[in-house]
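[1] Structure for this input, please:
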Amino acid sequence: MPMYWWDGSGGWWMWLLMIIFWVVVIILIVWAIRAFAGRGGGGGEPYRRSNAIEIAKERYAKGEITKEQFDQIKRDLS
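    Residues are numbered from 1 along each chain as shown. Predicted structure coming up:
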């Protein structure tokens with residue numbers, strides 16, 4: 001008597017395939033969450049602080065802020 005997957009008697013290999021399927025689904029979900037969450041700048045507090053200093057440096061170089069404002073930003077972020 002043939003054993004087809006739809007009759008519920010697939011054996012151990014069906015359990016193995018089901019486990020592999022769900023592991024792959026969970027890995028894809030975690031990957032998607034991390035990929036989309038990482039777009040916001042994601043490296044944590046030290047990353048944001050150094051990024052803010054870089055932005056302040058660029059603004060100072062462009063003449064958008066004065067040296068005093070730049071120094072104040074550096075003090076505030078330290």
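
[2] contacts for stretch 65-72?
    Contact with stretch 65-72 is made by Ala56, Lys57, Arg59, Tyr60, Ile73, as judged by Cβ atoms under 8 Å, 6 or more residues apart in numbering. Using the backbone N, CA and C atoms, a C-beta is placed for each residue, glycine as well.

[3] Could you rerun that using 6 Å?
    Stretch 65-72 has contacts (Cβ atoms under 6 Å, 6 or more residues apart in numbering) with Ala56, Arg59, Tyr60.

[4] By neighbours, which of those wins?
    Neighbour tally across these (other Cβ atoms under 10 Å): the maximum, 20 neighbours, falls on Ala56.

[5] Does it touch Arg75 like I think?
    No. Using Cβ atoms under 6 Å as the test, Ala56 is too far from Arg75 to be in contact (11.1 Å).

[6] how about CSV for the contacts of stretch 65-72, with pLDDT and distance to Ile33 added?
    Shown next, in CSV, are those (pLDDT from 0 to 100; distance: Cβ to Cβ, whole Å):
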residue, pLDDT, distance to Ile33
Ala56, 91, 32
Arg59, 92, 33
Tyr60, 93, 37
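
[7] With respect to Val24, which of these is nearest?
    Top of the list for closeness to Val24, among the contacts of stretch 65-72 and by Cβ to Cβ, is Ala56 at 44.4 Å.

[8] where's that closest one relative to Ile19, distance?
    For Ala56, the distance to Ile19 (Cβ to Cβ, to the nearest Å) stands at 51 Å.

[9] now swap in Gly63 and tell me
    Relative to Ile19, and taking Cβ to Cβ, Gly63 is found at 61 Å.

[10] Over to Trp12?
    Distance, Trp12 to Ile19, by Cβ to Cβ: 11 Å.

[11] Compare neighbour counts for those two and give me the winner.
    For Trp12 versus Ile19, the count of surrounding residues by other Cβ under 10 Å is larger for Ile19: 10 against 7.

[12] helix or strand for the more buried one, which one?
    helix 12-37 (DSSP states H and E).
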